[in-house]
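Student: Got a sequence here, can you model it:
(2 chains)
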Amino acid sequence: MVTKILCVAEKSSIAKAVAGHLSGGRVETSNTGNTYIKNYKFQFDFGRTWGHCEVCMTSVSGHLSAVDFASEYKNWSHPPPESLFGAPIREFVPEDKSAIAQNIAAQARGAKALFIWTDCDREGEHIGNEVKTEALKGNRRLQVKRAKFSNIERAHILQAARNPIDLDDRQVNAVATRIELDLRIGYAFTRFQTNLLRTLGGPLAEAMISYGSCQFPTLGFVVDRYWRVKNFVPETFWSIKVTQKREGINVVFNWKRNRLFDRATVIILFERCLDAKRAKVTKVTEKGTRRIKPLPLTTVELQKMATKYLRMNSQQAMTVAETLYNKGYISYPRTETDRFDKEMDLKALVQKQIQDNRWGEFANNLMNGGFNQPREGRHDDKAHPPIHPVTYCAPGGLSADEGRLYEFVTRHFLACCSEDAKGAQTDVEIEYGDESFHTHGTIVLERNFLDVYVYQNWTNSTMLPKFTLGEVFEPTEAMITEGKTTAPGYLTEPDLLALMDANGIGTDATMAEHIAKIKERVYVFTRPRGTNAAGGDSQDDAPAAGRGRSGGRAGAVGARGGAGIDEFIPSSLGVALVDGYDQIGLESSLSKPFLRKEMELKMKAICEGRATREDVLQESLRQYKRVFMDCKEGSAVLKSSCRRFVLNGAA
DNA sequence: GCAAGGTC
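Tutor: Below you'll find the model as predicted:
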């Protein structure tokens, strides 16, 4: 009898792609009880491992199981929330996944082995274990292996198919630990603070005040910036500006000391300049300079750019990206990888874009010798390549948002395959009295990737007139300027995403959800930047040119600029919660990212065999229960903070 | 009613 092998991927698209490669195209497709999932049957020779086999390739759709507390813990008050730190947990297959689980058990019957094709990351390992559990229900004697693959190139998949490895129980345990901790801690604190603050009445009487290890630090970032804006005290500074008109160009020389906060000192130094009458050119340098092309596109970067330039929020951007992915236009949109695998045929992808009338000519130039291998970033999630267009899509076939995001992904990809922009920079330094001043001019020589990447610009060609080393001249004008430091702006969505990313809050797939969550809970709200006069833009190191500032960061603002971007303001409830927990004075307040970081480190320890699941659970639960008890004792502080901000409208 | 992580 012929050997049967059951293969299971993490999502239907991978099952389809792998089945395509292994079958060589001769495949029989059948439906399952789930609309999105199909079974692919074909023949494949696994070589030494199992030889010539009949294969059924199918998939799950992310995690297969869920966790919950037993029904006696349904009530929010009895037993008290702290009992959730030790209450028994049950694991089960939710209703909407039962057809998937049954399909796996059914296909496992009569199979010799289960071959797991989930993503090669921690969550994927855990999902693989969930698949294993279900498959063993259908066939106790199943041999279990997993494929090790990091992209879906044909040769790579064939190689993975013939070299199966074992599931890594450490990674499975690390994820199981995270799941349990998030559940216990999230439910316990959510019930505690909701119950507690309900007693204050008013707008809090009906509110759901959730706590989560990701949503709270996200709120914390917004509140932190809010106070920095609110508490900002402007300071007056003075500077010296020297101007020389030459060849019809007004050349402004900036002071090497930039600015001083003491007026009298600036006046003394300025008078010495005037006494000297003449300035001397002490340095003239000319050098090549470049504007570097972007790194291959990750999810976080896509979200940052979409919130900055396309006027979408991160959640809209992800929804649109998923639609484009499901329609087959772009690659998988959830990835941390910012380097393309060397074996990928990038030119074939560029070729497909030649027909477009917006960037087709640029793509054509890449095909005719302009192609350069993309830069290689340092991140590789070992599961997905950087986001890129996989087929050409004419502008008519998409909604407005889909069209704009597809355009961005494509332009970004073509920019990656192009070359850095090149220019020449001239720096001139002068001495005037005892003071030094400098200026520089740039000429863009080759725009290269900038021609397709319309989101960026290189503030063009500030030509300098000729200055010669050692020459002496009398400046056209010298003056003292006065300015004031300005407050930082409130957080914008790209700022917030960058902070979450840097602090390990959430994943590529969930960061947008956490931001949406704290809006939904009314911990924060957004409004177009500049609605309120209080916030300036995000620079506080204004050039010494006085108050009239042009705004925007040089070079970073493209054709569609950052204009109209939203800023995040905490609600009074958001401010009150963070203030309350900070006041309770825990070394690591719940609103800070440290607790989440610690959890990340502990998961790593489990993966590397330095700790066990039981060690980490025991230690973390003890630690969080102590924090919980501190909060319970500090209830009055939390309540008074909410009274002050929410009910009495402080701040 | 409550988390965060997958995915459609």
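Student: hey, let's count contacts and neighbours off CA atoms from now on
Tutor: Fine.
Student: Could you confirm A:Arg90 falls within a strand?
Tutor: Yes - judged by DSSP: H, G, I helix; E, B strand; the rest coil, A:Arg90 forms part of a strand.
Student: For A:Tyr36, give me its contacts.
Tutor: Contacts of A:Tyr36 were listed using Cα atoms under 8 Å, 6 or more residues apart in numbering, and they are A:Ser12.
Student: can you tell me the helix or strand for it?
Tutor: Under the criterion DSSP states H and E, no helix or strand holds A:Tyr36.
Student: and what of A:Lys422?
Tutor: Per DSSP H and E, A:Lys422 falls inside strand A:421-432.
Student: immediately after that strand, which helix or strand?
Tutor: Strand A:421-432 is succeeded, C-terminally, by strand A:435-446 (DSSP H and E).
Student: Nearest residue to the closest residue to DNA strand B within the stretch 1-150 of chain A in space, ignoring adjacent ones along the chain?
Tutor: Residue of the stretch 1-150 of chain A nearest DNA strand B, by Cα to the nearest atom of the strand: A:Gly62 (3.3 Å). With sequence-adjacent residues excluded and distances taken as Cα to Cα, 6 or more residues apart in numbering, A:Gly62 is closest to A:Glu10, at 5.7 Å.
Student: and the one you found, how many residues sit next to it?
Tutor: A:Glu10 has 25 neighbouring residues, counting by other Cα atoms under 10 Å.
Student: picking that back up, wait, what's in contact with the residue of the stretch 1-150 of chain A closest to DNA strand B?
Tutor: With Cα under 8 Å, 6+ apart, A:Gly62 has these contacts: A:Glu10, A:Lys11, A:Ile127.
Student: Let's see which of the residues you listed end up in helices.
Tutor: Among the contacts of A:Gly62, the residues falling in helices (DSSP state H) are A:Ile127.
Student: DNA strand B next: which of the contacts of A:Gly62 are close?
Tutor: A:Glu10, A:Lys11 (Cα under 7 Å from any atom of the strand).
Student: re earlier: just say helix, strand or coil for the residue of the stretch 1-150 of chain A closest to DNA strand B.
Tutor: A:Gly62 - assigned by three-state DSSP - is coil.
Student: State the pLDDT value of it.
Tutor: Note on A:Gly62: pLDDT of 97.
Student: returning to what we had before: I'd like to check the angle between the strand holding A:Lys422 and strand A:435-446, please.
Tutor: Orientation check (axes from the mean of the first three to the mean of the last three Cα atoms, to 10 degrees): strand A:421-432 against strand A:435-446 gives 160 degrees.
Student: Outside of strand A:421-432 itself, list whatever touches it.
Tutor: A:273, A:276-293, A:436-450, A:464, A:467.
Student: Of the residues you listed, keep whichever come out buried.
Tutor: By neighbour count, with 16 or more other Cα atoms under 10 Å, these hold A:273, A:279-282, A:284, A:289-291, A:293, A:436-444, A:447-450, A:464, A:467 as buried.
Student: Could you report the neighbour count for A:Gln641?
Tutor: In this structure residue A:641 is Ser, not Gln. Residues near A:Ser641, counting by other Cα under 10 Å: 24.
Student: whoops, I mixed them up, A:Ile584
Tutor: 19.
Student: Who does A:Lys287 form a beta bridge with?
Tutor: Beta bridges link A:Lys287 to A:Gln425, judged by DSSP bridges.
Student: Next to DNA strand B, which bits of the stretch 101-250 of chain A? Give me the list.
Tutor: For the stretch 101-250 of chain A, the residues in contact with DNA strand B (Cα under 7 Å from any atom of the strand) are A:119, A:123, A:179-180, A:182-183, A:185-188, A:190-191, A:194-195, A:207-208, A:210-216.
Student: Chain neighbours aside, what residue packs nearest to the residue of chain A most remote from its centre?
Tutor: Most distant from the centre of chain A: A:Asp275, at 54.9 Å, with distances by Cα atoms, centre = their mean. Leaving out its chain neighbours, the residue that sits closest to A:Asp275 by Cα to Cα, 6+ apart is A:Gly433, at 7.2 Å.
Student: where do the strands sit along the stretch 151-300 of chain A?
Tutor: A:236-246, A:249-255, A:279-291 (DSSP state E, counting those that start in this stretch).
Student: if we can go back for a sec, distance from the chain centre to the strand holding A:Lys422, please.
Tutor: 36 Å (Cα atoms, centre = their mean, to the nearest Å).
Student: Report the mean per-residue pLDDT for that strand.
Tutor: On average, strand A:421-432 scores 95.
Student: could you give the angle of it to strand A:279-291?
Tutor: Going by the same axes, to 10 degrees, strand A:421-432 makes 160 degrees with strand A:279-291.
Student: Would you mind giving the contacts of A:Gly62 as JSON lines with pLDDT and distance to A:Glu153 added?
Tutor: Output for the contacts of A:Gly62, formatted as JSON lines (pLDDT from 0 to 100; distance: Cα to Cα, whole Å):
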{"residue": "A:Glu10", "pLDDT": "97", "distance to A:Glu153": "17"}
{"residue": "A:Lys11", "pLDDT": "96", "distance to A:Glu153": "17"}
{"residue": "A:Ile127", "pLDDT": "98", "distance to A:Glu153": "23"}
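Student: Closest one to A:Val390 out of the contacts of A:Gly62, please.
Tutor: A:Lys11 (18.1 Å; Cα to Cα).
Student: In the stretch 401-550 of chain A, what residue lies closest to DNA strand B?
Tutor: Closest point on the stretch 401-550 of chain A to DNA strand B, by Cα to the nearest atom of the strand, is A:Gly506, at 3.5 Å.
Student: hang on, A:Glu10 packs against A:Asp119?
Tutor: Yes - when contacts are counted by Cα atoms under 8 Å, A:Glu10 is listed as touching A:Asp119 (6.4 Å).
Student: about what we covered before: would you list the contacts of A:Gly62 in a markdown table and tack on distance to A:Asp68?
Tutor: Formatted as a markdown table, the contacts of A:Gly62 follow (distance: Cα to Cα, whole Å):
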| residue | distance to A:Asp68 |
| --- | --- |
| A:Glu10 | 23 |
| A:Lys11 | 24 |
| A:Ile127 | 17 |
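Student: and the helix or strand containing A:Met318, C-alpha only, in CSV?
Tutor: According to DSSP H and E, A:Met318 maps onto helix A:314-326. Taking only C-alpha atoms (Å, rounded to 0.1, in the frame of the first residue of the first chain), the coordinates of helix A:314-326 have been written out as CSV:
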residue,chain,number,x,y,z
SER,A,314,-2.2,51.9,10.6
GLN,A,315,-5.2,49.7,10.9
GLN,A,316,-6.7,50.9,7.6
ALA,A,317,-3.3,50.3,6.0
MET,A,318,-3.2,46.7,7.2
THR,A,319,-6.7,46.0,6.1
VAL,A,320,-6.0,47.4,2.6
ALA,A,321,-2.7,45.5,2.5
GLU,A,322,-4.5,42.2,3.4
THR,A,323,-7.0,42.8,0.6
LEU,A,324,-4.1,43.3,-1.9
TYR,A,325,-2.5,40.2,-0.6
ASN,A,326,-5.7,38.1,-0.9
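Student: packing partners for that helix?
Tutor: Judged by 3 or more Cα pairs under 8 Å, 6 or more residues apart in numbering; DSSP states H and E, the packing partners of helix A:314-326 are helix A:299-309, helix A:400-416, helix A:511-520.
Student: Neighbours of the closest residue to A:Asp341 other than its chain neighbours, how many?
Tutor: Of all residues not flanking A:Asp341 in the chain, A:Pro385 sits nearest, at 7.3 Å (Cα to Cα, 6+ apart). Using other Cα under 10 Å, the number of residues around A:Pro385 comes to 26.
Student: Could you list which residues are in contact with A:Glu271?
Tutor: Taking Cα under 8 Å, 6+ apart as the definition, A:Glu271 has no contacts.
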